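Colleague: only geometry, no sequence info:
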């Protein structure tokens, strides 16, 4: 425990399953004789999301910085603490608040294990510090202080009663020296020293404290929630022979390739039986034939539904073996969670009440007019039988947890009720706090944010469509410098099986390199859909479309992983840089720096201790060489303005000596469109970068 922290045995209120926000404990706090003598006001507490309705998010080892406006009437000094505890603890740990400015106070605490933490702020009038302050003023102008010393003596005697051992002896000694007629210069000096201030604070009496009217909540996830690189692969396209359906064993054989590039999470699209009714053909052709393999998201057939495995992929034992082999390679397997059904799903036959029945007796298929998706039936969450439906869907999640899955990428969560996700995620994490949920909701911002507030661990973003410097700067400032950062963990994807942006279609190799480096360095979490990305697949189904031509969503593909132009070496290099530099393990430290060229963007990141500092500069133009002057915020980098410092490009191993805030860069997108600089502030010799690499 930190020296500044101490335990408090205040009782805790019972936790409600309906809300994570808790009211202040009852007891003496409800006594009107106490309530009327509270003088301290606490307001403007941050972080607090929607009045405490939703928790903030952290991962194990991170800090929670709490600020609040704390003030009182008159001129008395005040003091206060953050009080926090893990959900399994009854006693509170207290950390003293420190004054910032303008009645703003701040303190922080570290979350050290998974689960829920509660925190609040308590403050009170500090009568002894008020007395000390006024004594200094009186003595400075030569006023008579005999009576004031007796007032101070009584305060110190009260603290001595609460103290024990050597502390009690010391306090009694000082109080005795303050008796009338025994005042000496040494005594006056003693009663004004900081040592006595600290000793009195240790045994302070604050009978009428003000406690903030809510206990707020932190959800603490494991470290993988805060940092990781994802790789999406279709197991059925892992076969080496054209036309053969890939298996889990084929996917297992590809694990060294994916792990070798430095990825942490292997994400698999749905692995379940695929419906045959209205099965899609190549390129999303609504008129598939007997050779069509269909879309993995059209879940369910006679062989089974969401808890079954497509027979061409293998057996449950093969799947569990894949999970184990991935773990041996340092990766986790994430599974797609798509709550929708094909017309052949067993639910359609056994639970027709879970679907929308049309007047003609047919079941409503998925539509986004004028688009029709006859191969998919949405579930009806307005059904009279919604409660059994909820329980069944929870059972699906638990089933795959039992198979060893701990990460779920959730398909289109914004098309299911918010109340359902609020319940489901809380239910799952109550028994399995290590389970992570990634929200795939490309929709309106407030809906995306609401899903994050409800418990989704990570979220897809608009990164793929934010391409200019102003778009990127504005968007990532919103994600990292506003309250959004407290609950929304971005996961950046330059491409997905559904998203081939116009920039990737026309920007060539340089565009793929730049977008990859942006994703991997702007975000602590990012992902790519491969091998389409590293092999720079850029053919759209048609002009103006973001759909891939010959998309493996609808057919088997064979990929030449050994192509000479593959980006796998760059991906491996950047993932290694990310792992070795902890500055990239967070989003909150992201700081943009001005560059006098709109095609160049510059931003830095720092580790929590400030020791690891990186600066990334990217040429956003895939066609032309661009140069410019970077205007650095030296304070954000922890660099002195009056001393030179070194920057080393971790991509090329070239190093440069810079000085002051204004420095020159030039980037050729056809060779390398970015610098990833490691900043060294304690310049010793020009060839002393071995310390960093």
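Modeller: Ah, there it is. It should be emphasised that the depicted structure is a prediction, and the values quoted were computed from it without experimental measurement.
Colleague: Please make it C-alpha for all contacts and neighbour counts, starting now.
Modeller: Fine.
Colleague: now the helices for the stretch 1-150 of the chain?
Modeller: 32-35, 127-140, 146-162 (DSSP state H, counting those that start in this stretch).
Colleague: could the ones you listed be laid out in JSON lines, adding distance to residue 628, mean pLDDT and mean neighbour count?
Modeller: Below are the helices of the stretch 1-150 of the chain laid out as JSON lines (distance: least, Cα to Cα, whole Å; pLDDT from 0 to 100; neighbours: other Cα atoms under 10 Å):
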{"stretch": "helix 32-35", "distance to residue 628": "62", "mean pLDDT": "64", "mean neighbour count": "12"}
{"stretch": "helix 127-140", "distance to residue 628": "54", "mean pLDDT": "94", "mean neighbour count": "16"}
{"stretch": "helix 146-162", "distance to residue 628": "64", "mean pLDDT": "93", "mean neighbour count": "18"}
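Colleague: Out of the ones you listed, which is closest to residue 602?
Modeller: helix 127-140 (47.3 Å; Cα to Cα).
Colleague: residues contacting residue 559?
Modeller: By Cα atoms under 8 Å, 6 or more residues apart in numbering, residue 559 lies in contact with 237, 240, 531.
Colleague: how about the helices of the stretch 1-150 of the chain, which one is nearest residue 625?
Modeller: Of all those, helix 127-140 comes closest under Cα to Cα, at 62.8 Å.
Colleague: ok, and what's touching that closest one?
Modeller: Under Cα under 8 Å, 6+ apart, the answer for helix 127-140 is 76, 77, 144, 145, 148, 152, 155, 191, 192, 197, 200.
Colleague: How about the secondary structure of the last one?
Modeller: Three-state call for residue 200 (DSSP: H, G, I helix; E, B strand; the rest coil): helix.
Colleague: For PyMOL, write the select line for the buried members of the contacts of helix 127-140.
Modeller: Selection of buried members from the contacts of helix 127-140 for PyMOL, criterion 16 or more other Cα atoms under 10 Å:
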select buried, resi 76+77+152+155+191+192+197+200
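Colleague: Find the pair from the contacts of helix 127-140 with maximum spatial separation.
Modeller: 144 and 200 (24.0 Å).
Colleague: So residue 536 belongs to a strand, correct?
Modeller: No: read with three-state DSSP, residue 536 is coil and lies in no strand.
Colleague: Can you check which of the helices of the stretch 1-150 of the chain gets nearest to residue 372?
Modeller: Across the helices of the stretch 1-150 of the chain, closest to residue 372 is helix 32-35 (Cα to Cα), at 62.9 Å.
Colleague: What is the nearest of the contacts of helix 127-140 to residue 678?
Modeller: Using Cα to Cα, residue 197 comes nearest to residue 678 of these, at 43.7 Å.
Colleague: Helix or strand for the closest one, just tell me which one.
Modeller: Using DSSP states H and E, residue 197 maps to helix 194-202.
Colleague: elements contacting that helix?
Modeller: helix 127-140 (3 or more Cα pairs under 8 Å, 6 or more residues apart in numbering; DSSP states H and E).
Colleague: now the helix it packs on: how far from the chain's centre is it?
Modeller: Distance of helix 127-140 from the chain centroid (Cα atoms, centre = their mean, to the nearest Å) equals 46 Å.
Colleague: Just give the closest residue to residue 355, not the sequence neighbours.
Modeller: Using Cα to Cα, 6 or more residues apart in numbering and skipping the chain neighbours, the partner closest in space to residue 355 is residue 380 (4.7 Å).
Colleague: so the one you found sits in a strand?
Modeller: No: counting by three-state DSSP, residue 380 falls outside a strand, being coil.
Colleague: show me the contacts for it.
Modeller: Taking Cα under 8 Å, 6+ apart, one finds 354, 355, 356, 386 in contact with residue 380.
Colleague: can you do 7 Å?
Modeller: 354, 355, 356 (Cα atoms under 7 Å, 6 or more residues apart in numbering).
Colleague: In contact with the second one, which residues are there?
Modeller: With contact taken as Cα under 7 Å, 6+ apart, residue 355 is in contact with 363, 378, 379, 380.
Colleague: Over to residue 592?
Modeller: Applying Cα under 7 Å, 6+ apart, the residues contacting residue 592 are 602, 603, 604.
Colleague: okay, now the domains of the chain?
Modeller: As given by automatic domain parsing, the domain ranges for the chain are 6-125+210-220, 129-202, 222-582, 585-691.
Colleague: These: lowest mean pLDDT?
Modeller: Averaging pLDDT over each of the domains of the chain singles out domain 6-125+210-220 as the lowest, with a mean of 85.
Colleague: Not counting its neighbours along the chain, what's nearest the residue most central in space within the chain?
Modeller: Of all residues in the chain, the one closest to the mean position by Cα atoms, centre = their mean is residue 489, 3.5 Å from it. Of all residues not flanking residue 489 in the chain, residue 458 sits nearest, at 4.7 Å (Cα to Cα, 6+ apart).
Colleague: Identify the residues contacting that neighbour.
Modeller: 437, 438, 439, 488, 489, 490, 491 are the contacts of residue 458 under Cα under 7 Å, 6+ apart.
Colleague: Distance-wise, check the residue lying closest to residue 179 once chain neighbours are set aside relative to residue 133.
Modeller: Of all residues not flanking residue 179 in the chain, residue 150 sits nearest, at 6.7 Å (Cα to Cα, 6+ apart). As judged by Cα to Cα, to the nearest Å, residue 150 and residue 133 stand 15 Å apart.
Colleague: what does residue 376 give?
Modeller: Using Cα to Cα, we find residue 376 at a distance of 73 Å from residue 133.
Colleague: Equivalent analysis for residue 66, please.
Modeller: Residue 66 sits 27 Å away from residue 133, going by Cα to Cα.
Colleague: in the strand or helix carrying residue 258, what's buried?
Modeller: Counting by DSSP H and E, the secondary-structure element that holds residue 258 is helix 248-260. Buried residues in helix 248-260, counted by 16+ other Cα under 10 Å: 248, 249, 250, 251, 252, 254, 255, 258, 259.
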